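Engineer: when you get a sec, could you give me coordinates for this:
(2 chains)
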Amino acid sequence: MKRRGSFWPVFLVVVFLCILISAFSVSGKLNFLSSFLEKGVSGVQNVSFGVFQRLPFVSESTKVKKLEETNLRLLSQIVSVEKLKDENTALSDQFQTSYPQSMQLLRADIIGAPDFIPGVSLPDVFILNKGAKDNVRQGCAVIIKDNLVGVISSVSDNLSKVNLVNNSSVSFTAKTQNGAVGVIKNAAGTLTLDNILLSEDIGIGGLVLTKGDIDSDGVGIPQDLVVGKIISVEKNPSSLFQRAKVESFVDFGNLFTVFVYIPNK
Amino acid sequence: MIYIFLILTFLTMFVSAITTIPFSVGLLVATTVIFKKSWVFFLAFGFGLFLDLITVRVLGYSSLMFTIFVLILFLYERKFETRNAIFVFIASFLGSLVYLRVFNYQQIFLQSLINSLFAIIFFKLLWLKSDPHSETT
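Structural biologist: Residues are numbered from 1 along each chain as shown, chains lettered A, B, ... in the order given. Down below sits the predicted model:
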């Protein structure tokens, strides 16, 4: 039997390379190389994601898509009307534009949805083709129309990772249309508005909006973005709080483009 | 055979951008048992680097994991026969399971199972091209 050469030297060389790259990557000394490589890799991702989204069993029919878009537009109009009503009753000095101005929105293409298996699981992470070079920062909100899509969880020079609202690691304060405040989180795979006082009146079908969570640098989630609608309410008199299951209006499986709410320079 | 190998490598990288199923683990197992050459370590390194880049992770983590995984396959191969579909299935299932668990992905059993089935297809394809008169078990 032919004796094969030992693989230990090659193994040790590769392990040494891995450790070296990890160490440099953690310390940030490899940014120039990763930035260069990301450009090529994002091209591959862009093509594969584009091809994948156009597969007949993945993408929905144009009619359904159009209806969904109309639905989103109408819902954003409802929110606008509600907001106008509130603002008219408020004093003029309290008036403020809460919707993200287009100057603060950065268009980004989705080039990857690693956790997405069509028919099996929904995506809970997106990879975007914009990064730190485009002023995207960790914690920035990602939206589509007036709907919150997710929050930027990590950023490299040219790419960024978005944890979607249905991701278990995403949690933020939200309110219902009638002002009941709670915390949005993913409880056992379901988007839930939790920690709402028992005295608050919340009903099925009501809209859930973001309460606003912007830090001193202008990074975060702006207020009055649509998170979704309430589909069920769990109210137990012996509990401290009540909770509601929320369903997002955004069809995450069919998104191609989103907007990142970037801080003012 | 090299063409088949290159096509499989390209497809694996192409598909890795849209799913978390670690097809690269399956291809690594098939390549290790068929070629039994130390350049597979460099392939593991490349796959790991690619996966770290597309998932915006710290570079080198996946490479390190894949390299150690290939080492385990080599050590096992010294003592036992590995050129069979059962070994490929079990090795890719366990490899995927560990990879998906370490990087905290969901539905790890289903993904590992799918990956193992694809690993057998990779193995059969490479085997047929390397020795078309042989029969795999």
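Engineer: the residue nearest to A:Asp194 when sequence neighbours are not counted and A:Leu191, how far apart?
Structural biologist: Excluding the flanking residues, the one nearest A:Asp194 by CB to CB, 6 or more residues apart in numbering or on different chains is A:Arg243, at 4.6 Å. Any C-beta I mention is one placed from the backbone N, CA and C, and that applies to glycine too. Distance of A:Arg243 to A:Leu191, computed by CB to CB, to the nearest Å: 11 Å.
Engineer: just A:Leu75 next, same as before
Structural biologist: Distance from A:Leu75 to A:Leu191, by CB to CB: 16 Å.
Engineer: what about the residue nearest to A:Asp194, how many residues nearby?
Structural biologist: Using other CB atoms under 10 Å in any protein chain shown, A:Arg243 has 21 neighbouring residues.
Engineer: with B:Pro22 instead?
Structural biologist: What B:Pro22 shows, counting by other CB under 10 Å, is a neighbour count of 29.
Engineer: how about the secondary structure of the residue nearest the centre of chain A?
Structural biologist: Computing the C-alpha centroid of chain A and ranking residues by CA atoms, centre = their mean puts A:Gly150 first, at 1.5 Å. In three-state terms, and counting by DSSP: H, G, I helix; E, B strand; the rest coil, A:Gly150 is strand.
Engineer: just list whatever residues bridge to it.
Structural biologist: Note on A:Gly150: beta-bridge partners by DSSP bridges are A:Val142, A:Leu164.
Engineer: shouldn't B:Ala91 be within a helix?
Structural biologist: Yes. Under three-state DSSP, B:Ala91 falls within a helix.
Engineer: contacting residues for it?
Structural biologist: Going by CB atoms under 8 Å, 6 or more residues apart in numbering or on different chains, B:Ala91 touches B:29, B:73, B:76, B:82, B:119.
Engineer: next, the residue nearest to A:Asp194: secondary structure please.
Structural biologist: Recorded secondary structure, A:Arg243: strand (three-state DSSP).
Engineer: right, and it touches A:Thr190 too?
Structural biologist: No. A:Arg243 lies out of contact with A:Thr190 (CB atoms under 8 Å); the separation is 10.0 Å.
Engineer: distance check, A:Lys133 against A:Lys39.
Structural biologist: Relative to A:Lys39, and taking CB to CB, A:Lys133 is found at 11 Å.
Engineer: list the residues that contact both of these two?
Structural biologist: A:Asn158.
Engineer: and A:Val155, backbone torsions?
Structural biologist: Note on A:Val155: backbone dihedrals following degrees, to the nearest 10 are phi -130, psi 140.
Engineer: what does A:Ser216 give?
Structural biologist: With angles defined as degrees, to the nearest 10, A:Ser216 sits at phi -70, psi -20.
Engineer: and it, what is it in contact with?
Structural biologist: Contact analysis of A:Ser216 by CB under 8 Å, 6+ apart lists nothing.
Engineer: from A:Gly139, how far out is it?
Structural biologist: Noted for A:Ser216: a distance of 12 Å to A:Gly139, by CB to CB.
Engineer: per-residue confidence at residue 3?
Structural biologist: With no chain named, the answer covers chain A. Note on A:Arg3: pLDDT of 48.
Engineer: that answer is for a different chain, and I need it for chain B
Structural biologist: B:Tyr3 is assigned 74 on the pLDDT scale.
Engineer: contact partners of stretch A:25-39?
Structural biologist: With CB under 8 Å, 6+ apart, stretch A:25-39 has contacts from A:21, A:24, A:131, A:133, A:156-159, B:49, B:53, B:58-60.
Engineer: three-state assignment of A:Thr173?
Structural biologist: Strictly by three-state DSSP, A:Thr173 counts as strand.
Engineer: so it touches A:Val208, yeah?
Structural biologist: No. In this structure A:Thr173 lies outside contact range of A:Val208 using CB under 8 Å: 10.9 Å.
Engineer: now for those two: what residues contact both?
Structural biologist: Contact criterion CB under 8 Å, 6+ apart; residues shared by A:Thr173 and A:Val208: A:Ile184.
Engineer: check which helix or strand residue 14 maps to.
Structural biologist: All of this is about chain A. Assigned by DSSP states H and E, A:Val14 belongs to helix A:8-27.
Engineer: chain B, not that one
Structural biologist: Following DSSP H and E, one finds B:Phe14 within helix B:2-16.
Engineer: if you count contacts, what does that helix end up packed against?
Structural biologist: On a contact count with 3 or more CB pairs under 8 Å, 6 or more residues apart in numbering or on different chains; DSSP states H and E, helix B:2-16 meets helix A:31-53, helix B:23-35, helix B:40-54, helix B:108-130.
Engineer: which one of those is the most hemmed in?
Structural biologist: helix B:23-35 (a mean of 26; mean count of other CB atoms under 10 Å in any protein chain shown).
Engineer: that helix and chain A in contact?
Structural biologist: No. In terms of CB under 8 Å from any CB of the partner chain, no part of helix B:23-35 sits within range of chain A; the closest distance is 10.1 Å.
Engineer: that helix vs helix B:40-54, what angle?
Structural biologist: Interaxial angle of helix B:23-35 relative to helix B:40-54 (axes from the mean of the first three to the mean of the last three CA atoms, to 10 degrees): 170 degrees.
Engineer: and A:Asp215, backbone torsions?
Structural biologist: phi -90, psi -180.
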